[in-house]
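Chemist: Mind folding the following:
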Amino acid sequence: MTHSVVRIVVAGGNYAGLSALKQLYATLLATPSRQANVQITMVDRRDGFLHYIGMTRGITEPEFGSRLWVPYVTVDWLRDPQITIKQDRVTEIQPEFVQLAGGERLEFDYLVVALGQSRHGPIGVAANCKREFVGELAKSYEQLRAAKSVTVVGGGAVGIEMAADIKSDFPEKAVTLVHSRALPLPGPFKDEFRSSVVRILRDEIGVDLVLGQRVVAQNPASADMMNQGEHEPESVLATASNAALTLGNGHVLQSDWAVRCLGTFDKCSVVNLPSSTDEPVFGGNGIRVKDTMQIDDPKYPNIYACGDICNRDQYPNIYACGDICNRDQVKLAGVAMHGAYIAATNIARSVLSASPTLEQSARFPPKILLLLGKSHFIMQLGDEIWEREKTQQYVSDDMSLRGCVEALSMHQPPEAISAFDSPQTY
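Modeler: Coordinates of the predicted model:
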């Protein structure tokens, strides 16, 4: 490095990006002596943290939904002079800089890629500020409230929780969940667990289930069915009013309001990091990363990835974390936060030591906690299925909003810690 200030860029906010920023602050800036001459920049297209875990209930209960957005201006330690929050969209990541939609180019010495994945609205959020977000929730709520019958298409975790929240908050509505497979919830989960989810939805909550059938046509089509990539997924609604949904067996479901919860979209077009190996940087499930959360390519020791964008199976100063990673594990907020914590710890160690020992992220067993309305929940941890009584200790009435906000130190500054301490878990 020919310059005196170490430039650290965190591309993306929310669970992974804020977790990385918190750890960088705690290890490099929180001590009175200010251990390093660094400038940390986090880029987020939003002006605040959005607790995505609560989105399905935010749609059915907009007053609760308004609490899901925490503006960055309310977080005192983010005003530190060595921290810059840029509200902009990342359009390209190159080996030496991050390009922003507004035209600015951010050069870096270390990079954390925490861009996550995208979804169609209303679960995916196009809003850039809380006022817009509350307005989006209100529109979805009014469409839902006016409907007597609702169909949720897609039996993944989001579709399951969407159907459960609607039926729980509006028991008078006819709510149907359609899924193309014989049992809901794709992923590394036991059929016994899936069957328990079916039982709770059908027998205890009252959701009608149509399993093993694919929706082959919908009239009118929702906007997401016509989007050919010209718009960001979040800005495209996957809902339709007064819809006729034709199933593979020819049966037609009439629905006052239909919402499609059919998965996520990666950010591979943003990541322009040529591979120096036979394997691409962006694998089938996200960016390939090592256990240190560095991109799994010797050309990039200063780039890390964490969260849903990473695959964890490639660039050492570039770290990826969160949903953008291609790690063979379920994409969860806690996993994203832990991966970002490891990435930031390793960056801090690299800044403070010429030859640091890098920390490795833990491998987590398959885990999922489904919140099925306010009264029903079930979890699988590894091969063990936890029913309601055992799961209750992990359930809060705010869908973990308070816990995540506290874990990210959004109400009080992070305490100073050594970058060389043993890592914590989330």
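
Chemist: just the helices in the stretch 101-250 of the chain please.
Modeler: Read by DSSP state H, counting those that start in this stretch, the stretch 101-250 of the chain holds these helices, from start to end of the chain: 130-146, 157-169, 191-199, 223-226.

Chemist: How about the contacts made by the nearest residue to E132 once chain neighbours are set aside?
Modeler: Leaving aside its chain neighbours, E132 sits nearest to A126 (7.7 Å; criterion: CB to CB, 6 or more residues apart in numbering). (Each C-beta comes from the backbone N, C-alpha and C, glycine too.) Counting by CB atoms under 8 Å, 6 or more residues apart in numbering, A126 touches 132, 136, 232, 234-235.

Chemist: Most neighbours among those, which one is it?
Modeler: Ranked by neighbour count under the definition other CB atoms under 10 Å, these are headed by E136 with 21 neighbours.

Chemist: Which pLDDT value goes with that one?
Modeler: pLDDT recorded at E136 is 97.

Chemist: residues in contact with it?
Modeler: Under the criterion of CB under 8 Å, 6+ apart, the neighbours of E136 are 121-122, 125-127.

Chemist: which two in those are spaced the farthest apart?
Modeler: P122 and A127 (10.5 Å; CB to CB).

Chemist: Which SSE is immediately downstream of the helix-or-strand element of the chain with minimal mean pLDDT?
Modeler: Among the helical and strand segments of the chain, the one scoring lowest on mean pLDDT, DSSP states H and E is strand 317-325, with a mean of 51. With elements assigned by DSSP states H and E, the helix or strand that comes after strand 317-325 is helix 333-352.

Chemist: And stretch 185-200, how far out from the chain middle?
Modeler: For stretch 185-200, the separation from the chain centroid amounts to 22 Å (computed by CA atoms, centre = their mean, to the nearest Å).

Chemist: Show the average pLDDT along it.
Modeler: In this model, stretch 185-200 has an average pLDDT of 94.

Chemist: do stretch 142-151 as well
Modeler: Stretch 142-151 shows an average pLDDT of 98 in the prediction.

Chemist: Could I get the buried residue list for that stretch?
Modeler: When neighbours are counted by 16 or more other CB atoms under 10 Å, the buried residues of stretch 142-151 are found to be 143-144, 147, 149-151.

Chemist: Same check on stretch 363-373?
Modeler: In terms of neighbour count (16+ other CB under 10 Å), stretch 363-373 has its buried residues at 364, 366-373.

Chemist: returning to that earlier point: highest mean neighbour count out of the helices of the stretch 101-250 of the chain?
Modeler: Burial among those, expressed as mean neighbours by mean count of other CB atoms under 10 Å, is greatest for helix 157-169, which shows a mean of 24.

Chemist: and that one, what other elements does it pack with?
Modeler: Contacts defined by 3 or more CB pairs under 8 Å, 6 or more residues apart in numbering; DSSP states H and E place helix 157-169 against helix 55-60, strand 149-153, strand 174-179, strand 367-372.

Chemist: Distance from the chain centre to that helix, please.
Modeler: Taking CA atoms, centre = their mean, one finds the center of helix 157-169 at 18 Å from the center of the full chain.
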